[in-house]
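1. Here is my input; please provide its structure:
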Amino acid sequence: VPGQNVMAVEMHQGNLTSSDISMDMRFRGDLIPFVSIIEPTEGQVFLAPTNVTITAAANDEGGAISSVEFFDGDVLIAALSNPPYSFVWSNIVDGPHTLTAVATDDTGNETVSSAVNILLQDPNPPVMLSASGRTNEVIVVFSKRLTPESAQNIDNYSITNLSGEVLVMAAMLDDSQTQL
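-> Numbers count the residues shown, from 1 in each chain. Predicted coordinates for the structure are as follows:
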């Protein structure tokens, strides 16, 4: 019961030769739920495109689990209210993903699981279709979508022309994620 709880115990012996009475008491507050992602495992690599089954174990000793939410970074990807806490994640963008689960119990307590990092690799990476340039700008068009993490990392570029190497200062991905 919420709030302060008091328990009073009074014991009396019938006579001097009566055996003593003992009891063990344990007071437990409102316990937080437990949640852990059990599938996929840390560091698992998948070839894209694919679907990934995500499963979490969740329990609450002091009550019941009311929901388990699954996140990729800060993005909610599923919410389940009944066990088993498992679903198939589809249409996953290739690249790194950090998965967590949040269990909420019937009193509103929440617990976040440890993160599970997975990687979806594209076995057929994008191909450069064209490149055009003007002063201080080069536009490169690829055959398919690029991941922003890879496309905008200037360490991924080395351009050499007849005069020597060209220094890449920045890279920006357009809204279609196919033009850099």
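2. Helix or strand next in line after the longest strand along the chain, which one?
-> Among the segments of the chain that qualify as a strand by DSSP state E, the longest is strand 95-105. Using DSSP states H and E, the helix or strand that follows strand 95-105 in sequence is strand 110-112.
3. list the helices and strands that next one packs on?
-> strand 34-39, strand 95-105 (3 or more CB pairs under 8 Å, 6 or more residues apart in numbering; DSSP states H and E). From N, CA and C alone the C-beta is placed, and that goes for glycine too.
4. Direction included, what does the helix or strand following the shortest one pair against?
-> This points to strand 34-39. Downstream of strand 34-39, the next assigned helix or strand under DSSP H and E is strand 45-47. Strand 45-47 sits in its sheet next to strand 116-121 (parallel), going by DSSP bridges.
5. In the partner strand, which residues are buried?
-> Under the neighbour-count criterion of 16 or more other CB atoms under 10 Å, strand 116-121 has Val116, Ile118, Leu120 buried.
6. same deal with stretch 85-99?
-> In stretch 85-99, counting by 16+ other CB under 10 Å, buried: Tyr85, Ser86, Phe87, Trp89, Ile92, Asp94, His97, Leu99.
7. gap between the two ends of it?
-> End-to-end distance for stretch 85-99: 14 Å, by CA to CA, to the nearest Å.
8. List the contacts of that stretch.
-> Residues from elsewhere that reach stretch 85-99 (CB atoms under 8 Å, 6 or more residues apart in numbering): 37, 39-40, 46, 48-58, 65, 68, 70-73, 77-78, 80, 101, 115-122, 145, 147, 149-150.
9. Could you identify the buried members of the residues you listed?
-> Neighbour counting with 16+ other CB under 10 Å marks 37, 40, 46, 52, 54, 56-58, 65, 68, 70-72, 78, 80, 101, 116, 118, 120, 122, 147, 150 as buried within the contacts of stretch 85-99.
10. follow-up on the earlier one: may I see the helices and strands packed on strand 110-112 organised as JSON lines, with distance to Thr111 and mean pLDDT added?
-> Formatted as JSON lines, the helices and strands packed on strand 110-112 follow (distance: least, CB to CB, whole Å; pLDDT from 0 to 100):
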{"stretch": "strand 34-39", "distance to Thr111": "5", "mean pLDDT": "98"}
{"stretch": "strand 95-105", "distance to Thr111": "5", "mean pLDDT": "95"}
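11. Sweet, I'm off.
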